[in-house]
Structure formats: C-alpha cells, structure tokens
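**Q** Coordinates for the following, if possible.
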Amino acid sequence: MEDDNPNLIDPLVNINLNLDLPEYNGLNFPGNSVVLQQLGVRGVVVYNVNNSLYTAYDLADPNHLPNGCSTMELEGIIATCPCDTDTNSYDIVTGQNQSQPDSYPMQGYRAVRTGNSIRISN
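**A** Residues are numbered from 1 along each chain as shown. The predicted structure is shown next:
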C-alpha cells in the first residue's frame, strides 16, 4: 500500500502465516496481534480485528527517517515511537497517528485470510 511517504522505503513483503502453527495461533482470536520481526522496515504487526478483517502495519515510525530508536513498541492496539524527539503513537487497527491526524499514517500492508492462513503482502 502506498502513501508516498518520503521517510520510508517500500520493502517487498509477501508471506503466508499458517494459523495452525503455534507462533501464529493467537491470530485465530479477535483482539490479538503478532509481530513479524524480519519483515518490512522495522517489523510488521498483524492484528485480528474480527476474524474476517486483519490489519498489517510496519513498526517503523512513518514520521521520521529510520534510526536507532524508530522501531515502535506495542501496548494493546497502540504502537508508540520510543524516540525522545517525538511522542508519536498510532492505532494498529486504523494506522492513524493518535495526536496528529495530518501526519503520515503507519505504512500498511494487505492482510487477507483464506482458510487457516493469512497472506501479508504489498
């Protein structure tokens, strides 16, 4: 998904998550998320909204260039940038910045469930 953000690259993301595997089993239940560390710019969080709708967003703060502290941390459905230079936090259901709605949203990826697997791609 493209939003013309000059701060982030658009890495190739294409993976199938088998929901029968223990590491992805939590995605069978609404309200759960899984972080895929090796994907995207700084990892990708996949969230189960309602067993039909899933979201997938990069954990790189989209409102500054990637640096040593730009990998966001999750608490519930909120991803927060730990950098001292900002207070950016984002909703992983919508990808929107919580306090600055005119800023760049989180970099999103397609998340489609088919049977017992979820394909994450761009």
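**Q** Which helix or strand contains residue 56?
**A** strand 54-58 (DSSP states H and E).
**Q** so where's the protein uncertain?
**A** Along the chain, segments meeting pLDDT under 70 span 1-3.
**Q** how about the strands of it, start to end?
**A** For the chain, applying DSSP state E gives strands covering 14-18, 33-36, 44-48, 54-58, 73-75, 78-80, 89-91, 108-114, 117-121.
**Q** returning to that earlier point: the strand holding residue 56 vs strand 14-18, what angle?
**A** 130 degrees (axes from the mean of the first three to the mean of the last three Cα atoms, to 10 degrees).
**Q** circling back to that earlier point, the strands of the chain: which one's closest to residue 101?
**A** Nearest to residue 101, of all those, is strand 89-91, at 10.9 Å by Cβ to Cβ. For every residue, glycine as well, the C-beta is placed using N, CA and C.
**Q** Point out the other elements, helices or strands, that that closest one touches.
**A** Applying 3 or more Cβ pairs under 8 Å, 6 or more residues apart in numbering; DSSP states H and E, we find strand 89-91 packed against strand 78-80.
**Q** I am finished for the moment; much appreciated.
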